[in-house]
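Enquirer: Sequence plus the predicted model coming up.
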Amino acid sequence: MDAHALTDVTQGGGAPESAAPQPTYLEQLLAAGLLIETGVKGLYGRSAVFEAVADGLNAAITRLGADQQAEVLRFPPAMGQHDFETSEYLKSFPNLAGTIHSFCGDDRGHRRLLARLEDKEDWTDQQEPTGVVLTPAACYPIYPVVAKRGPLPEAGKVVDVLSYCYRHEPSLEPTRMQLFRQREYVCLGSPERIVAFRQLWMERGQALAESLQLPVEVDVANDPFFGRGGKIVADSQRELKLKFELLIPVNDGLGPTACMSFNYHMDHFGALWHIGLADGGTAHTGCVGFGIERLVLALLKHHGLDPARWPQPVRETLGDV
């Protein structure tokens, strides 16, 4: 319904009155207490109900990947600056990166900082880089770890990873959070192994969405590479069909949102970190990524804000949330 639609003419025959604007999806989520406002765009607390659905999703994803013989690795949502630089993330997405700074001064510097606070002046120039960077994608910390172990097994390797990730995209779209969770299965091995892995997970991702009774489409996609040069890279990524996304309508009046992605990185990360195959070649990598918050928001959008009233098959898929 249009937010500016008109009400019926009053009984007295007067002019029509403007209807009150419909609350946005974000406003509905906040009013229901599913998300908790922090005063920062794209930074929200989550309620127990929201987290229960997220836990159910993660359990369902774990069941889907039970046959992958995946090594489970969990990292904090930060990584060392050296590994971050090695990833070449800044070449492609400098606008999304987040670094961690801290006060590293002496007593005099502390007094200067406190004086700035007292005078309500900017104090952030008193902070220095710590050598720690917020993780931009859940898979990034695993590559240096795997590389240090030496050549991969003959059949390659699959890693199951889950992490909060950071991207500097302040927005009022509830699906575009600055801190959000990615669950990934990452495959490292031969090109043939990666292509087969991605196809398998494209089928499984669609099957999961079907069991959750969500309307989806899968389409070729590209990452949001920065700048004019980034358009060339994005066009190449699409032409080679290296990235597919599973899309679900979630946001008010906007196109569908990418809630899963299926990616083939070729030998990009294998070459950067010198990850070797058993035969001495360079490993190729690929991953399937599940946006946990986006999938929860999709479920709440399509089935209602009370999971207890969702269709029973959906609730069973999520472990009776």
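Expert: Cool, the structure landed.
Enquirer: All the strands of the stretch 151-300 of the chain, residue numbers only.
Expert: 157-166, 179-189, 217-220, 243-248, 257-266, 284-291 (DSSP state E, counting those that start in this stretch).
Enquirer: Tabulate these (CSV), appending mean neighbour count, mean pLDDT and distance to A115.
Expert: The way it works is simple: take the backbone N, C-alpha and C, and place the C-beta from them, glycine included. Formatted as CSV, those follow (neighbours: other Cβ atoms under 10 Å; pLDDT from 0 to 100; distance: least, Cβ to Cβ, whole Å):
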stretch, mean neighbour count, mean pLDDT, distance to A115
strand 157-166, 21, 98, 30
strand 179-189, 23, 98, 31
strand 217-220, 13, 94, 54
strand 243-248, 23, 96, 49
strand 257-266, 22, 97, 45
strand 284-291, 26, 98, 43
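Enquirer: Can you say which of these is nearest to C104?
Expert: Smallest distance to C104 across the strands of the stretch 151-300 of the chain (Cβ to Cβ): 21.5 Å, for strand 157-166.
Enquirer: For the closest one, name the packing helices and strands.
Expert: Contacts defined by 3 or more Cβ pairs under 8 Å, 6 or more residues apart in numbering; DSSP states H and E place strand 157-166 against strand 71-74, helix 142-147, strand 179-189.
Enquirer: Listing partners with orientation, what would you give for it?
Expert: strand 71-74 (parallel), strand 179-189 (antiparallel) (DSSP bridges).
Enquirer: okay, these in a markdown table with distance to A308 next?
Expert: Output for the strands paired with strand 157-166, formatted as a markdown table (distance: least, Cβ to Cβ, whole Å):
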| stretch | distance to A308 |
| --- | --- |
| strand 71-74 | 30 |
| strand 179-189 | 23 |
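Enquirer: Can you say which of those strands is nearest to G105?
Expert: strand 179-189 (27.6 Å).
Enquirer: Restrict the closest one to CA atoms and write it as PDB.
Expert: Output of strand 179-189 as PDB, limited to C-alpha atoms (Å, rounded to 0.1, in the frame of the first residue of the first chain):
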ATOM      1  CA  LEU A 179      28.200  -6.100  11.700                       C
ATOM      2  CA  PHE A 180      26.600  -9.300  10.700                       C
ATOM      3  CA  ARG A 181      27.200 -13.100  10.700                       C
ATOM      4  CA  GLN A 182      28.400 -15.200   7.800                       C
ATOM      5  CA  ARG A 183      28.300 -18.900   7.800                       C
ATOM      6  CA  GLU A 184      30.500 -20.500   5.200                       C
ATOM      7  CA  TYR A 185      31.700 -23.800   3.800                       C
ATOM      8  CA  VAL A 186      35.000 -23.200   2.100                       C
ATOM      9  CA  CYS A 187      36.500 -25.700  -0.300                       C
ATOM     10  CA  LEU A 188      40.200 -25.700  -1.300                       C
ATOM     11  CA  GLY A 189      41.500 -28.000  -4.000                       C
END
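Enquirer: one step back: can I get the strands of the stretch 151-300 of the chain in CSV including distance to A78?
Expert: Shown next, in CSV, are the strands of the stretch 151-300 of the chain (distance: least, Cβ to Cβ, whole Å):
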stretch, distance to A78
strand 157-166, 9
strand 179-189, 11
strand 217-220, 32
strand 243-248, 25
strand 257-266, 22
strand 284-291, 19
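Enquirer: Specify the stretch among the ones you listed that is closest to P21.
Expert: Judged by Cβ to Cβ, the one of the strands of the stretch 151-300 of the chain that comes nearest to P21 is strand 257-266, at 22.3 Å.
Enquirer: what about the helices in this structure?
Expert: In the chain, the helices defined using DSSP state H lie at 25-31, 48-64, 81-86, 89-92, 107-118, 142-147, 191-211, 227-239, 268-273, 292-303, 312-317.
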